[in-house]
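1. Below are the sequence and a predicted model; questions follow.
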Amino acid sequence: MPEMTAALGLRMLLAGLGAGLVAITATRLIERLGSRLGGVLGTAPSTIVPAGIGLAAAGHEGLDAALGAVPVGMWVNAVFLWSWRWLPRAVSSGPPALQLPLTIAASLLLWAIVARAALSGLDQARAAGAPPLLIGGLAWLASLVVGALSARGAGPPRGPTRPVGPLTLIARGLLAAAAIAGALGAGAAFGPEAAGLAAVFPAIFLTTMVSLWMSQGQAVSGAAVGPMMLGSASVGAYALIAAHSLPALGPALGSICAWLGAVCGVTLPAAWALTRPAAPR
């Protein structure tokens, strides 16, 4: 029992540190490069890489099931991100001090409903004998299409409006780290259903949107939604490729191949498509 507690604590610590670094990197890229390019590059595969390596190194027999569920979780997170485009308008008539808290609460409620429905559907599909990677592939296609459509309506790219100090960056990282570690702890404490929800909890997306709103304004965070939805499809692509490359090539080389495949297949084409000059009319 103490060994299990120590192992859980170590996973929470490592996941929290990774999430903090990703949250800082994502928001910094959006502030430096603008909402379109930064939103896409900031969602390249990151924390999924050590998670996949850990599963492969442990000889996890359910590697296909675990990695096949990742695109489903990313589809749920795409819905969560999408809500940050219209929820601020829905609460804009309320007191300014409550607009951000109301947006956070409503987006998390929407995520919980969609995540629960997705997990239920995933369980039913697996019980019916559907291959996990097929389910993941369909979810990935759905995320890619929805992200592309949302990014097309993202409006003009927006860059930074205010300088961001080191204390703000540290606060962002700590918030993301606490959210990820708390989600893992809740999953371990309350059973497999909570663990399933914790596995797809959008802590990094949430902290990115909140920190952008607070430091740059609601317009910048809203403009980043579409590009982040499109860019996050690279995480699902990584998982689907890694399901094949990790067993075949080993943790190190398999991860490198999966990351390059996801970045070259999704991240870079998306960045090019969103930043190329518009064709003259």
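-> Received the coordinates, thanks. Computed from a prediction, not measured in an experiment: that's the story for all the values here. Numbering: from 1, shown residues only.
2. For the stretch 101-250 of the chain, which segments count as helices?
-> In the stretch 101-250 of the chain, the segments counted as helices under DSSP state H, counting those that start in this stretch are 132-152, 166-190, 192-199, 203-216, 218-223, 225-231, 233-249.
3. Compare the mean pLDDT across these and name the weakest.
-> For the helices of the stretch 101-250 of the chain, mean pLDDT drops lowest on helix 192-199, to a mean of 54.
4. Please identify the buried residues of the helix or strand hosting L67?
-> Taking DSSP states H and E as the definition, L67 sits inside helix 63-90. Going by neighbour count (16 or more other Cβ atoms under 10 Å), the buried part of helix 63-90 is 63-85, 87-88. C-beta: built from backbone N, CA, C; applies to glycine.
5. can you check stretch 205-218 too?
-> By neighbour count on 16+ other Cβ under 10 Å, the buried set for stretch 205-218 is 205-213, 215-216, 218.
6. got JSON lines for the residues you listed, with distance to A130 too?
-> Compiled in JSON lines, the buried residues of stretch 205-218 are given as follows (distance: Cβ to Cβ, whole Å):
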{"residue": "F205", "distance to A130": "27"}
{"residue": "L206", "distance to A130": "30"}
{"residue": "T207", "distance to A130": "34"}
{"residue": "T208", "distance to A130": "33"}
{"residue": "M209", "distance to A130": "33"}
{"residue": "V210", "distance to A130": "36"}
{"residue": "S211", "distance to A130": "38"}
{"residue": "L212", "distance to A130": "38"}
{"residue": "W213", "distance to A130": "39"}
{"residue": "S215", "distance to A130": "43"}
{"residue": "Q216", "distance to A130": "42"}
{"residue": "Q218", "distance to A130": "40"}
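7. Which of those residues sits closest to A142?
-> Within the buried residues of stretch 205-218, proximity to A142 (Cβ to Cβ) peaks at F205, which comes in at 17.3 Å.
8. For the closest one, give me its contacts.
-> Applying Cβ atoms under 8 Å, 6 or more residues apart in numbering to F205 gives the contacts 77, 80-81, 228, 232.
9. hmm, 7 Å instead?
-> F205 makes contacts with 77, 80-81, 228, as judged by Cβ atoms under 7 Å, 6 or more residues apart in numbering.
10. which of those sit farthest apart?
-> F80 and M228 (10.4 Å).
11. Quick check: of the buried residues of stretch 205-218, which lies closest to G147?
-> Closest approach between these and G147, by Cβ to Cβ: F205, at 12.7 Å.
12. quick one: the closest one from G222, how far?
-> F205 sits 14 Å away from G222, going by Cβ to Cβ, to the nearest Å.
13. measure the residue nearest to Q99 when sequence neighbours are not counted to T103 for me?
-> Nearest in space to Q99, with sequence neighbours left out and distances taken as Cβ to Cβ, 6 or more residues apart in numbering, is V91 at 5.0 Å. From V91 across to T103, the span is 6 Å (Cβ to Cβ).
14. Pick out whichever of those two has more residues nearby.
-> Shown here are V91 and T103; by other Cβ atoms under 10 Å, T103 has more neighbours (24 against 17).
15. contacting residues for the more buried one?
-> By Cβ under 7 Å, 6+ apart, the contact set of T103 is 84, 87-88, 91.
16. List the contacts of the nearest residue to A237 once chain neighbours are set aside.
-> Excluding the flanking residues, the one nearest A237 by Cβ to Cβ, 6+ apart is A262, at 4.1 Å. Counting by Cβ under 7 Å, 6+ apart, A262 touches 45, 234, 237-238, 241.
17. would you list those in JSON lines and tack on neighbour count?
-> Listed next are the contacts of A262 as JSON lines, based on neighbours: other Cβ atoms under 10 Å:
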{"residue": "P45", "neighbour count": "25"}
{"residue": "S234", "neighbour count": "32"}
{"residue": "A237", "neighbour count": "27"}
{"residue": "Y238", "neighbour count": "31"}
{"residue": "I241", "neighbour count": "22"}
